[in-house]
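Student: Using only what follows, build the 3D model:
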Amino acid sequence: RQAAAVGADEEEIYPIQSTVRSEAGPAREAYSKLAEHHKQMVERAMVRSEVHFGALRRAVQPAIDSVLRNPNALAWTVFSRKRSVETYNRAIGTTVWCLMFGRQLGFERERLEDLAMGGMLLDIGMSRIPRSIAATAGDLSEEQHNSLRQHVAFGVEILECSKGVTDNVANMVRCHQERADGSGYPEGLRGSQIPIFGRIAGIADCYDAMTAASPYSRAMAAYDAARELNDMRGKQFAAEVVEQFLATMGM
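Tutor: Alright, predicted model coming up:
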């Protein structure tokens, strides 16, 4: 089932099955598995310009299981890793937020797998961006911004060379930088022109970017990021998407 706009009662569909304490170990193991696979996946994309979707699907299973049992354990694992700017992997954080959002919306297992794989792949196109640009600190020039924006097109190209790509995953990579008011890129899509999986990817990626330190900005507290997303309600993101995402994450 897809509950794209109105959401669902997560306690009825996916009841909490474990405590945060008992889930902490499996959550750490799931995070480590995602981190290990993401490194291998990026290396493969750089060399062969493709993604092994069978291996990726297997890698995301422990994270899905953990989020379904108790999403808070993996969420806390992500935030604890954010303390280390050098080792934190944004792809994993975004994947976890996508999974938590899908859980909140009552998505079935197959759709959760799409969310997890798409979250891991949102920035796979960055593997083709020169590191001198991707790691630039401070304000970027217009030329550097344009180069970074190319990661979406590069990501789509990598998926086109890969087998087993679902439409939902492709939509996440293609549309995660689109915004409801048309201010996004690469196509300037508006509102319902953005597929639901693209909308989920967009707000999850935005939230993780806000709460993670980068060469371009400092990390926000989760509460401040939630407030900023609320200010984007009905602008960059559809009102119902913000409402359901904040219900997922809490203030």
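
Student: CA only for contacts and neighbour counts going forward, please
Tutor: Will do.

Student: Tell me the confidence at residue 169?
Tutor: In this model, residue 169 is scored at 98, pLDDT.

Student: Where does the prediction get shaky in the chain?
Tutor: Along the chain, the parts satisfying pLDDT under 70 run over 1-12, 85-87, 134-138, 215-216, 251.

Student: Check which residues of the longest helix anywhere in it are buried.
Tutor: Longest helix of the chain, by residue count under DSSP state H: helix 20-48. Across helix 20-48, burial judged by 16 or more other C-alpha atoms under 10 Å covers 20, 23-24, 26-31, 33-35, 37-38, 41-42, 45-46.

Student: tell me, how many neighbours does residue 211 end up with?
Tutor: By other C-alpha atoms under 10 Å, 22 other residues sit near residue 211.

Student: roughly how far apart are it and residue 223?
Tutor: Noted for residue 211: a distance of 9 Å to residue 223, by C-alpha to C-alpha, to the nearest Å.

Student: cool, and residue 206?
Tutor: Distance from residue 206 to residue 223, by C-alpha to C-alpha: 14 Å.

Student: swap in residue 74?
Tutor: Counting by C-alpha to C-alpha - residue 74 and residue 223 are separated by 18 Å.

Student: now do residue 161
Tutor: From residue 161 to residue 223 the distance is 40 Å (C-alpha to C-alpha).

Student: before we move on, what about residue 129?
Tutor: As for residue 129, its distance to residue 223 is 32 Å (criterion: C-alpha to C-alpha).

Student: With residue 45 instead?
Tutor: Relative to residue 223, residue 45 is positioned 35 Å away (C-alpha to C-alpha).

Student: same deal with residue 43?
Tutor: In terms of C-alpha to C-alpha, residue 43 sits 35 Å off from residue 223.

Student: and what of residue 18?
Tutor: Separation of residue 18 from residue 223 (C-alpha to C-alpha): 25 Å.

Student: Could you do residue 242 as well?
Tutor: From residue 242 to residue 223 the distance is 14 Å (C-alpha to C-alpha).

Student: more neighbours, those two?
Tutor: Of the pair residue 242 and residue 223, residue 242 is the one with more neighbours under other C-alpha under 10 Å, namely 22 against 13.

Student: what about the more buried one, which SS state?
Tutor: Local secondary structure at residue 242 is given as helix here, using DSSP: H, G, I helix; E, B strand; the rest coil.

Student: How much space separates the most centrally placed residue in the chain from residue 211?
Tutor: Nearest to the geometric centre of the chain sits residue 94, at 2.8 Å (C-alpha atoms, centre = their mean). Residue 94 is 11 Å from residue 211, where distance means C-alpha to C-alpha.

Student: and what of residue 131?
Tutor: Counting by C-alpha to C-alpha, the gap from residue 131 to residue 211 is 22 Å.

Student: repeat for residue 147
Tutor: 23 Å.

Student: Can you point out the buried residues in stretch 158-175?
Tutor: Buried-residue list, stretch 158-175, by 16+ other C-alpha under 10 Å: 158, 159, 162, 165, 168, 169, 170, 171, 172, 173, 174, 175.

Student: which stretches of the stretch 151-251 of the chain form helices?
Tutor: 167-175, 196-210, 222-231, 239-249 (DSSP state H, counting those that start in this stretch).

Student: Of those helices, which is nearest residue 141?
Tutor: Closest approach to residue 141 among the helices of the stretch 151-251 of the chain is made by helix 196-210 (19.5 Å; C-alpha to C-alpha).

Student: quick check: angle from that closest one to helix 222-231?
Tutor: Relative orientation of helix 196-210 versus helix 222-231 (axes from the mean of the first three to the mean of the last three C-alpha atoms, to 10 degrees): 140 degrees.

Student: other SSEs contacting helix 196-210?
Tutor: helix 90-105, helix 109-121, helix 167-175, helix 222-231, helix 239-249 (3 or more C-alpha pairs under 8 Å, 6 or more residues apart in numbering; DSSP states H and E).
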